[in-house]
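*Asks:* sequence and predicted structure below; questions after.
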Amino acid sequence: MATTQQMLAVRNPRSGKVDHKIAVSSRAEVAEKAATLRANQPAWEALGVEGRCAVMARWLGAVKAQAMAIGEADAQDTGGCHTSYLQGFITMGNIGGWLEDAPRAFAALDYDAMSTAMPSVRVQSQVVAYPLTGVISPWNAPLMLALLDAVPALFAGSAVLLKPSEVTPRVIEALFETVRQVPELAGVFAYVTGPGEVGQAVIEEADTICFTGSVPTGRKVAVACAERLIPCNLELGGKDPCVVTASADLERAATAVLRGAVYATGQVCYSVERVYVHRSVHDDFVALLVEKAAEVRLNADNPRAGHIGPFTHPPQGAIVARHINDAVRKGAVLRSGGTVEDIGGGLYLRPTILTNVDHTMLIMQEETFGPCLPVMAYDEEDEAVRLANDTRFGLTASVIAGTAEEAERIGRRLNAGGIFLQDTFLTFAKMRTFGTDSFGWSGYGAPRIGPESLRRFLRRKSLLTQTGEVADIRNDHHLGEGAP
Ligand code: NDP
């Protein structure tokens with residue numbers, strides 16, 4: 001008997017209207033897709049890194065041809081404007097970068113030498129891929145955050161089963177039009193759709209998991225992976241601080257801090273979420289910030305003009321409003337913005353600057369994920385460091401000071417994986433060079449970018465050959481034997 005497939009309505013973040021729907025993958029469909037991927041994976045791995053690069057280069061060509069359509073789908077999903085059209089280009093950079101880096105990274109992983117501990121034993125060590133990597137991704141930057149893990153996993157020789165957010169499925173549908181054009185890739189890269197339970201089903205099928213999302217969901221994912229004894233890489237939230245010192249160029253600081261906080265409506269894991277500014281320059285800095293914030297335009301009328309789009313996911317607007325109201329109720333002063341506005345069905349918030357804030361407020365403790373800038377004054381450098389480190393998160397932090405030396409001195413004392421000096425939002429500079437670990441509630445696992453990140457999808461396997469005589473147990477001597 002045929003069963004009716006469950007469907008989910010998808011809302012458009014600009015109009016507020018449901019204009020799309022997705023089918024929820026059943027448990028059986030997830031299992032079937034996983035089984036097909038597993039069956040195809042050995043041939044994919046056997047291609048070797050050079051063979052996989054040849055296939056991925058063809059995929060890159062298909063993505064290039066579709067970059068604008070992918071950007072359009074991302075804009076429909078997220079309400080983003082310039083941020084969406086960048087996604088296709090970032091994807092090309094991601095694939096193109098690995099085309100160059102993967103062969104080098106693999107070469108560095110092989111080992112063939114005599115053992116230093118047992119000189120007659122030859123050690124041949126290689127890496128083998130986890131057969132099936134599960135990727136569970138969020139609604140913010142939905143394309144980039146799915147592919148940041150999926151692309152290196154594929155280069156590593158793993159097959160990938162992706163579960164994107166149900167909030168932003170269109171961009172993944174557009175992406176898979178390009179995947180279907182490359183049959184070898186389509187055999188080892190698939191996606192399933194639906195809510196959290198579908199993510200749980202992926203965990204039940206996979207050999208390793210990469211998850212990007214919130215702390216509460218990350219905790220559930222970690223528990224489910226622990227039950228199955230499979231590795232799990234978590235990229236979670238942040239409450240990233242920025243320290244502005246007395247000697248900083250305030251023009252530069254205000255410009256960098258504003259962009260770092262409101263870019264993509266603040267829906268970026270490494271957004272600036274708290275600012276600590278030296279008391280002697282606090283008022284001047286805030287005045288500059290307010291002046292610059294007044295020039296930031298919403299793009300409600302024209303998605304291709306303006307700077308801030310709507311919230312991608314309406315519940316996020318409610319979380320941000322709750323944080324602002326909590327702060328104001330506890331004594332914070334609103335210097336700009338502050339009200340989530342419904343414009344034509346989309347939820348918008350102008351840059352929201354708050355002063356008189358303290359660490360009893362949600363806006364200084366929990367991830368806000370909106371275009372908000374709570375600014376707090378400090379007197380001593382030690383106090384700035386203490387306040388910046390007073391958080392359970394540790395994704396990124398930034399320091400803007402009068403000299404690079406002063407910024408570095410403070411930066412070295414901050415507890416986070418990425419510390420940006422004399423600017424904010426420098427995460428992309430790490431691409432292809434060095435990834436960073438997340439501290440505390442911001443996640444765990446190996447770095448997700450840079451050559452090291454390939455190791456997340458590989459296990460080491462070693463062949464140990466005895467080239468000399470085998471040991472004879474009758475010649476074994478016990479420590480202490482014959483001792484007086
Ligand atoms: P969520 O944690 O709500 O969801 C993330 C993904 O997990 C979605 O695909 C979601 O599906 C799925 N999911 C939900 N419940 C479960 C479950 N029980 N088991 C398995 N999967 C599940 O995060 P958001 O989508 O709200 O994303 C925003 C968060 O992501 C923010 O906290 C942000 O800081 C963080 N983030 C971290 C980054 C980093 O690199 N550190 C980068 C970007 C974002 P569905 O959406 O369909 O419910």
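*Replies:* Arrived safely.

*Asks:* and stretch 17-37, average pLDDT?
*Replies:* Across stretch 17-37, the average pLDDT comes to 98.

*Asks:* from the middle of its chain, how far away would that stretch be?
*Replies:* 23 Å (CA atoms, centre = their mean, to the nearest Å).

*Asks:* same question for stretch 406-426.
*Replies:* Its chain's average C-alpha position is 19 Å from that of stretch 406-426, according to CA atoms, centre = their mean.

*Asks:* tell me which residues are up against that stretch.
*Replies:* 240-243, 245, 247, 252, 256-257, 259-261, 263, 268, 270, 272, 381, 384-385, 388-389, 393-401, 404, 427, 430, 436-440, 442 (CB atoms under 8 Å, 6 or more residues apart in numbering). Every residue, glycine included, has its C-beta placed from N, CA and C.

*Asks:* now W98: how far from the ligand?
*Replies:* 18 Å (CB to the nearest ligand atom, to the nearest Å).

*Asks:* quick check: that residue vs K64, distance?
*Replies:* Per CB to CB, to the nearest Å, W98 is found 15 Å from K64.

*Asks:* what residues does the stretch 251-400 of the chain have near the ligand?
*Replies:* Proximity of the stretch 251-400 of the chain to the ligand (CB under 6 Å from any ligand atom) is limited to residues C269, E367, F369, L395.

*Asks:* change it to 5 Å
*Replies:* By the rule CB under 5 Å from any ligand atom, the part of the stretch 251-400 of the chain lying against the ligand is C269.

*Asks:* which residues of the stretch 251-400 of the chain score low on pLDDT?
*Replies:* Within the stretch 251-400 of the chain, not a single segment meets pLDDT under 70.

*Asks:* what about the helices in it?
*Replies:* 279-293, 314-329, 362-365, 381-389 (DSSP state H, counting those that start in this stretch).

*Asks:* pick the most buried one from those.
*Replies:* helix 362-365 (a mean of 22; mean count of other CB atoms under 10 Å).

*Asks:* would you mark the buried spots in stretch 217-227?
*Replies:* Within stretch 217-227, the residues scored as buried using 16 or more other CB atoms under 10 Å are T217, G218, K220, V221, A222, A224, C225.

*Asks:* phi first, then psi, for the third one.
*Replies:* It stands for K220. For K220, the backbone dihedrals are phi -60, psi -40 (criterion: degrees, to the nearest 10).

*Asks:* picking that back up, of W98 and K64, who's got more company?
*Replies:* When W98 and K64 are compared for neighbours, W98 comes out ahead with 25 against 15, by other CB atoms under 10 Å.

*Asks:* confirm that the more buried one sits in a helix.
*Replies:* Yes. Under DSSP: H, G, I helix; E, B strand; the rest coil, W98 sits within a helix.

*Asks:* show me the contacts for the spatially closest residue to it that is not a sequence neighbour.
*Replies:* Leaving out its chain neighbours, the residue that sits closest to W98 by CB to CB, 6 or more residues apart in numbering is F155, at 4.8 Å. Counting by CB under 8 Å, 6+ apart, F155 makes contact with V49, R52, C53, M56, W98, A102, L454.

*Asks:* let's see which of these end up in helices.
*Replies:* Under the assignment DSSP state H, the contacts of F155 contribute V49, R52, C53, M56, W98, A102 to helices.

*Asks:* and the closest residue to H313 other than its chain neighbours, how close does it get to L145?
*Replies:* Closest residue to H313 apart from its sequence neighbours, by CB to CB, 6+ apart: V167 at 5.0 Å. Distance of V167 to L145, given as CB to CB: 12 Å.

*Asks:* please identify which of those two sits among more neighbours.
*Replies:* Per other CB under 10 Å, whichever of V167 and L145 has more neighbours is L145, with 25 against 21.

*Asks:* wait, that one touches I136, no?
*Replies:* No. Counting by CB atoms under 8 Å, L145 sits too far from I136 to count as a contact (10.0 Å).

*Asks:* overlap in contacts, these two.
*Replies:* Residues touching both L145 and I136 (CB under 8 Å, 6+ apart) are T212.

*Asks:* isn't P371 up against V262?
*Replies:* Yes. Shown here, P371 and V262 form a contact pair, counting by CB under 8 Å, at 3.8 Å.

*Asks:* more crowded one of these two?
*Replies:* P371 (28 against 25).

*Asks:* show me what contacts the more buried one?
*Replies:* With CB under 8 Å, 6+ apart, P371 has these contacts: A261, V262, T265, G266, I308, G337, L349, R350, P351, T352.

*Asks:* which of these sits closest to A300?
*Replies:* Comparing those against A300 with CB to CB places I308 closest, at 9.0 Å.

*Asks:* next up, the contacts around Q41.
*Replies:* Residues in contact with Q41, defined by CB under 8 Å, 6+ apart, are A129, P131, L132, G157, S158, A159, V188.

*Asks:* do you know which of the helices of the stretch 251-400 of the chain lies nearest E197?
*Replies:* Using CB to CB, the nearest of the helices of the stretch 251-400 of the chain to E197 is helix 314-329, at 18.4 Å.

*Asks:* got the CA positions of that closest one in CSV?
*Replies:* The C-alpha trace of helix 314-329 is given here as CSV (Å, rounded to 0.1, in the frame of the first residue of the first chain):
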residue,chain,number,x,y,z
PRO,A,314,11.4,34.3,12.0
PRO,A,315,12.1,32.6,15.4
GLN,A,316,15.5,34.3,15.2
GLY,A,317,13.9,37.7,15.1
ALA,A,318,12.0,36.8,18.3
ILE,A,319,15.2,35.7,20.1
VAL,A,320,16.9,38.9,19.2
ALA,A,321,13.9,41.0,20.4
ARG,A,322,14.0,39.0,23.7
HIS,A,323,17.7,39.9,24.2
ILE,A,324,17.1,43.6,23.4
ASN,A,325,14.1,43.8,25.7
ASP,A,326,15.9,42.0,28.5
ALA,A,327,18.8,44.4,28.3
VAL,A,328,16.6,47.5,28.2
ARG,A,329,14.6,46.2,31.2
